[in-house]
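Enquirer: Need the 3D shape of this:
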Amino acid sequence: MKKINILNTREIKRFKEALLKVFRYVLKGEYAYLMNDQEKIFLINKDLARIELKNLKIDRIGFYFAEFKNGQVRLSKEGTQLLVKEAKENGVVVSNLVELTKQEVTTYFTGKDLEKDLGVESRSIILIHNDNVLGSAKYKEGNILNFLPKIHRGTVIL
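Expert: All right, here's what the predicted structure looks like:
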């Protein structure tokens with residue numbers, strides 16, 4: 001059985017600082033942050049966090065938002081969409097947005113990495129096309145490393 005922990009204030013602060021460093025925005029909504037054994041962060045309503053989780057046999061709970069390993073944040077596809085949506089609602093532009101062409105989107109949705117020059121700095125990025133958030137990826141050495149889950153891959157109709 002997987003262990004799920006509710007993050008304390010210090011752990012949440014560390015997670016939010018990592019988000020802020022990469023994307024210059026953190027969620028403003030009132031969420032409780034949970035982390036499982038694989039260091040995946042889930043969001044739930046704060047009221048639900050009052051339940052004593054250790055007494056329940058739970059495999060998953062909440063909204064899968066990100067993975068947080070070694071101080072590095074890797075947003076889920078849905079987590080990326082939530083972050084960008086909330087930032088727009090608050091009049092903030094998230095940093096590290098990368099606009100893809102129609103051809104790049106098609107390649108991305110087949111699960112392949114993309115060759116694209118975004119500078120020398122390796123970093124997490126958010127992929128968009130025509131104002132649609134596609135997900136997050138890692139840029140490294142002239143390549144966008146594809147993190148799109150297999151369940152989301154396939155032929156794209158643009």
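Enquirer: so what secondary structure elements neighbour the lengthiest strand in the chain?
Expert: Longest strand in the chain, counting residues (DSSP state E): strand 132-140. If you count contacts as 3 or more Cβ pairs under 8 Å, 6 or more residues apart in numbering; DSSP states H and E, strand 132-140 packs onto strand 72-75, helix 77-89, strand 123-129, strand 143-145. In short, each C-beta sits where N, CA and C put it, glycine included.
Enquirer: Adding mean neighbour count as columns, could you present these in JSON lines?
Expert: Formatted as JSON lines, the helices and strands packed on strand 132-140 follow (neighbours: other Cβ atoms under 10 Å):
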{"stretch": "strand 72-75", "mean neighbour count": "20"}
{"stretch": "helix 77-89", "mean neighbour count": "18"}
{"stretch": "strand 123-129", "mean neighbour count": "20"}
{"stretch": "strand 143-145", "mean neighbour count": "17"}
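Enquirer: Nearest to Gly111, out of the ones you listed?
Expert: strand 143-145 (11.1 Å; Cβ to Cβ).
Enquirer: Per-residue pLDDT of Ile4, please?
Expert: Looking at Ile4, its pLDDT is 80.
Enquirer: so how far is Gly62 from it?
Expert: 9 Å (Cβ to Cβ, to the nearest Å).
Enquirer: any weak-confidence spans in the protein?
Expert: 1-2, 49, 53-59, 156-158 (pLDDT under 70).
Enquirer: Now do the contacts for Asp131.
Expert: By Cβ atoms under 8 Å, 6 or more residues apart in numbering, Asp131 lies in contact with nothing.
Enquirer: Show me how this structure divides into domains.
Expert: Split into domains by automatic domain parsing, the chain comes to 1-94, 96-158.
Enquirer: follow-up on the earlier one: how about the helices and strands packed on strand 132-140, which one is nearest Leu48?
Expert: Closest approach to Leu48 among those is made by helix 77-89 (17.1 Å; Cβ to Cβ).
Enquirer: helix or strand right after that closest one?
Expert: Once the chain leaves helix 77-89, the next helix or strand it forms, by DSSP states H and E, is strand 97-99.
Enquirer: what separates that next one from the chain centre, distance-wise?
Expert: 15 Å (Cα atoms, centre = their mean, to the nearest Å).
Enquirer: One more: stretch 122-132?
Expert: Here stretch 122-132 is found 11 Å from its chain centre; the criterion is Cα atoms, centre = their mean.
Enquirer: quick one, what contacts the residue sitting nearest the centre point of the chain?
Expert: Residue closest to the average C-alpha location in the chain (Cα atoms, centre = their mean): Leu75, at 1.3 Å. Contacts for Leu75 (Cβ under 8 Å, 6+ apart) come out as 65-66, 83, 124, 126, 135-136.
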